[in-house]
Every structure is written in C-alpha cells, then in structure tokens.
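Student: Next comes the sequence, and after it the predicted model I'd like to discuss.
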2 protein chains.
Amino acid sequence: MTTEELKTYLPEFTDPRLLETLLEKGQVMNLEPGKVLMEPGKFVKMVPIVLEGSIKVMRMDEDGKELFLYYLDAGETCALSLTCCSAARPSEIKAVVEEPTTIIAIPVSLHEQLTDEFKQWKDFVSETYQSRFHEMLVALDAVAFKRMDERLMRYIVTKMKQHKTNELNTTHQEIANELGTSREVISRLLKQLEKKKWIELGRNVIYIRDDFEELISK
Amino acid sequence: MTTEELKTYLPEFTDPRLLETLLEKGQVMNLEPGKVLMEPGKFVKMVPIVLEGSIKVMRMDEDGKELFLYYLDAGETCALSLTCCSAARPSEIKAVVEEPTTIIAIPVSLHEQLTDEFKQWKDFVSETYQSRFHEMLVALDAVAFKRMDERLMRYIVTKMKQHKTNELNTTHQEIANELGTSREVISRLLKQLEKKKWIELGRNVIYIRDDFEELISK
DNA sequence: TTCCTAATGTGATAAAAATCACATAAGACC
DNA sequence: GGTCTTATGTGATTTTTATCACATTAGGAA
C-alpha cells in the first residue's frame, strides 16, 4: 500500500512522515468475518485502525454472557486497545470482525512514540477516546433506561445502517446474545414488530420495511 | 498553595515546572457537599483535578432519571471533561460533590498545552482515560448483568469504602435514584439485608455490620 | 406536647423478562 | 422424497422489577 492510498482511508492524516511511519511499522491485514481480534483476558499487542469494513466490540461477563457495545468503523480505532496496551493490561472486551475488513495494525510501542511526535496522531487518539466514551454512554443508557423492545429496535437500525442493507442475515439467538437476553424474548418481540408491518421474518433473515427506519429516526 | 503542597496531593507530578504551571494557571477551589460541578448540556470550561475528597459522577437520561457511575478520588480527574472540553461539546454527565472537597481547576486551553509539553501530564491523561473506561465497564456490567439485590450490596460497599465509614447517612429514595430504580424496591431489599443481619436500618441511616464487608469482598 | 412532614413499611397488582417445555417449520444432505 | 439439524413459534409459569395505595413512624418545629 502507498502513503497516498493510506491517506484516502485516513484523511485526517496529511503529514507525509506520519503516513510513512505508519506504513513502515504497521502491518496492513485483511480480516475475514468471524475473526476474533481481541478477547477478554488476552493481552493486546497492537492498535488496530480500521481502513475498510468494521469491527464489532462487545463486553462479556464472567459466565460468557455478551453485550454489544459499538462498531469501529473505517478511520476509527479501539480506545481500549490504546489504554490496555499502554498499561500492559489484558483486554476487557471482545472484538470480532463481521464483514470483510482491512486494518492497519500499529505496534504498541509505536503508539507511544507517535503521540510524542505527531500532533495529528495525538488528536486522533483524543478524538478516539472521545467518541468511544460517547458510545459507551449510549450503550449504558440502553441497558439502564430502555426496555427490551426499544433496545431491539435500535439494534436493528444500527445493524441496518452498519451493513447498509435492509436485510439482516442473522438468527434470533444471535440477537439475543448481543442484547444479553434469551432467544424466546427476541422471537416474541420480533413477531410483534412483524405484526406492526415494520419488518418481515424469514429463516436466518429479517427484512426491514422502509417505514421502519423513518419511524426510528424520529 | 505551594508547589510542594501540590506535589503531596499529586505525587506522580514531580516536574517542578509542571507543578508551577498548574498552580499559576489553575485555580484551587474548596467545594461543599451538594455543589454541582457539571450538568448535562452545560459546557465544560475547566478540567477539575481532585486534591482532597471526592466527586460523584452520574449519567442522566432524558426524563431526569439518574445512574451512579463512579467516584473521582484524590489525584483523579474526569475523562469526560477532558474529551468534552477539547471538542467544545456539552457535558454528558452530572458531577456532584458529596463531601468537602478541594480541587484544582485547570483551564481547558492549558490542558492542550500541557499535553504537548509535559510527559507526566500526558501519562496522567492516559491513565485517566484508562481508569475511567474501566469504571464505565464496571457500571455497565452492573446494569447489564446483575440483579438489583447484588447492585444494592455493591453500592453500599462502594459508599462505605468511599466515605470510610460503616454508617451511611442517606435515604432509600436517594439510593433508588442513584441505582435508577424506585424507593419501594430499595426499601424491601434493605429489609431483606437487615433480616440477614448484614445491616441495621434507621431513619436516614444505614449501619453496616462488620460481617457484611467480609461477605462482599469474597 | 402536639403537629407536621419526610421517611419508611408493606400488601396488592401489574408489567417486563426469564425460563421451561414443546410444537412446528425450513432448509441441508443423502 | 425422506431424514436431520437448526431455527422459529408459542403457551404456561416464575422471577424480578415497577407501580399504586396506604399505613406507620421518627424527629423537627411550633
């Protein structure tokens, strides 16, 4: 990959020396759906910056129950990998690839150095912390203040926007896992949405009708 | 206040120039319990570093419902004020003083400058992000994965340790607010804890028996 | 002391979620 | 087509939490 190419992925980095350094020391990787980038307890050895595609970030509790937190989109990185690695602490979250994704993996040691040397990197890190904090608060709001029906609707819209489709290929069980509830609850709530003509259900698929998104955005 | 004094509060800052700059540009303030330092929607104009005492940080939803997040203790600062102010965004949280507290308020503009100039400040900011992120995850775990009885017990222990006492002066209503539930729920759960001989209830007071903390720490 | 207010106690009921227990269906594979 | 696995549908029940409706009480103020 050339610095010019990298620049198109990360337009906020215009400093040629920063781009060169990233390319030289970082490693561009193509990841397939299903790839687990980070798991609770494992040590983080690199900071992944998403160039194309996205990475799903989840929290897990002791008994393996999951909770969807947010997506890392193109141009974003994981605040937790920034903090975990600089303190040499194990990961507190799980990161999974859901669609074909390209990242550039920055070694932990380089991150420290970049922070000292490049204002654009420092701003990038600051921006990352800010947006991840915000996403965490959104996730917290959902579990603290919203009922499951609303959480499910938001979840569907999030996935829709994320994958730029009105057709989700997933199972009720998987949704239940990501929302930290049981399959039956999700099945029943989805049925309700279908009755309201907002979605249509098939095996392994949920079609989202056009009126649904309008309804949510209000 | 002298730089020597400031150093005793913030032992990780040994650089005399950093300490001088903080004292010169920052403002030491004594805050009384009840003082609201930050509110959702208001703009943040300074970064408060706690020197003595503590600050309670809470999330609020649209209808004013609250949720306790964590305490900022001596030597700590608010990650959200760091992010909010550098982006000139309104606060997403509420910060309240619960015990007599001394802070040093650093102007937003200075923070940027300090980051460039002092490695110790940079590390401090990084450490802050890290610990606040961790606290957020702990708060998230509670609402996502724990039942109210366990959340209440953890809440009591947290307050106990925070105020270094085995006697909490608070009302059931206040606890309910901070845990995002209703007063009746808390009253009933407290009664259960009393029946188990872990606490004793009075008007405006909860005495925590010695066996309780042992029980929790396991 | 008496009165008043805020705090607490508690039954009854409703609502939301979780769990159990199957029935049914859809699609893969032979 | 038949068989099998996995996904979905759904009733019944339980658990947890929320809400409503009061009774009771503690402690401050007059």
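Tutor: Cool, got the structure. Worth saying up front: this structure is predicted, and the values here are computed from it rather than measured.
Student: Give the bridge partners for the residue most central in space within chain A, please.
Tutor: Note on chain A: the residue nearest the mean C-alpha position is A:Tyr71, at 1.8 Å, using Cα atoms, centre = their mean. Following DSSP bridges, A:Tyr71 is listed with bridge partners A:Lys56.
Student: what sits against it?
Tutor: A:Ser54, A:Ile55, A:Lys56, A:Val57, A:Thr158, A:Gln162 (Cβ atoms under 8 Å, 6 or more residues apart in numbering or on different chains). (C-beta placed from N, C-alpha, C; glycine too.)
Student: Which one of these is nearest to chain B?
Tutor: Nearest to chain B among those is A:Val57, at 11.3 Å by Cβ to the nearest Cβ.
Student: Which residue, other than its chain neighbours, is closest to the closest one?
Tutor: Excluding the flanking residues, the one nearest A:Val57 by Cβ to Cβ, 6 or more residues apart in numbering or on different chains is A:Leu69, at 4.7 Å.
Student: Correct me if wrong: that neighbour contacts A:Arg59.
Tutor: Yes: with contact defined as Cβ atoms under 8 Å, A:Leu69 reaches A:Arg59; the gap is 5.7 Å.
Student: List the residues that are in contact with both of those two.
Tutor: Counting by Cβ under 8 Å, 6+ apart, the contacts common to A:Leu69 and A:Arg59 are A:Ile93.
Student: looking at this, A:Arg154 is in a helix?
Tutor: Yes: the assignment for A:Arg154 by DSSP: H, G, I helix; E, B strand; the rest coil puts it in a helix.
Student: Give me the contact list for stretch A:48-56.
Tutor: Identification of contacts with stretch A:48-56 by Cβ under 8 Å, 6+ apart yields A:6, A:9-10, A:26, A:28, A:31, A:37, A:68, A:71-78, A:81, A:95-106, A:162.
Student: can you give me the strands in chain A?
Tutor: A:27-31, A:36-38, A:46-52, A:55-60, A:66-72, A:93-97, A:101-107, A:167-168, A:199-202, A:205-208 (DSSP state E).
Student: Distance from the first one to the middle of the chain?
Tutor: Just to be clear, that refers to strand A:27-31. How far strand A:27-31 lies from its chain's middle: 17 Å, per Cα atoms, centre = their mean, to the nearest Å.
Student: Just want the angle from the longest helix along chain A to strand A:66-72.
Tutor: Longest helix of chain A, by residue count under DSSP state H: helix A:119-145. Interaxial angle, helix A:119-145 versus strand A:66-72 (axes from the mean of the first three to the mean of the last three Cα atoms, to 10 degrees): 150 degrees.
Student: How about helix A:119-145, which residues are buried there?
Tutor: Within helix A:119-145, the residues scored as buried using 16 or more other Cβ atoms under 10 Å in any protein chain shown are A:120-122, A:124-137, A:139-145.
Student: how about the residues of chain A near chain B?
Tutor: Proximity of chain A to chain B is confined to A:59, A:61, A:65, A:67, A:79-80, A:82-84, A:86-87, A:89, A:92-93, A:115-116, A:119, A:122, A:126-127, A:129-130, A:132-134, A:136-137, A:139-141, A:143-145, A:180 under the rule Cβ under 8 Å from any Cβ of the partner chain.
Student: correct me, but A:Asp80 touches A:Pro90?
Tutor: Careful, residue A:80 is Leu; it's not Asp. No: with contacts counted by Cβ under 8 Å, A:Leu80 stays clear of A:Pro90, the gap being 10.6 Å.
Student: out of the two, which sits in the busier spot?
Tutor: For A:Leu80 versus A:Pro90, the count of surrounding residues by other Cβ atoms under 10 Å in any protein chain shown is larger for A:Leu80: 25 against 13.
Student: For the closest residue in space to that one that isn't next to it in sequence, give me its contacts.
Tutor: Excluding its sequence neighbours, the residue lying closest to A:Leu80 (Cβ to Cβ, 6+ apart) is A:Ile93, at 5.5 Å. Each residue near A:Ile93 by Cβ under 8 Å, 6+ apart is listed here: A:Met38, A:Pro40, A:Val57, A:Met58, A:Arg59, A:Met60, A:Leu69, A:Cys78, A:Leu80, B:Leu137.
Student: Distance-wise, check the residue lying farthest from the centre of chain A relative to chain B.
Tutor: Ranked by distance from the centre of chain A (Cα atoms, centre = their mean), the top residue is A:Lys195, with 30.6 Å. Using Cβ to the nearest Cβ, to the nearest Å, one gets 28 Å for the distance from A:Lys195 to chain B.
Student: got it, and A:Leu22?
Tutor: Computed as Cβ to the nearest Cβ, the A:Leu22 to chain B distance reads 20 Å.
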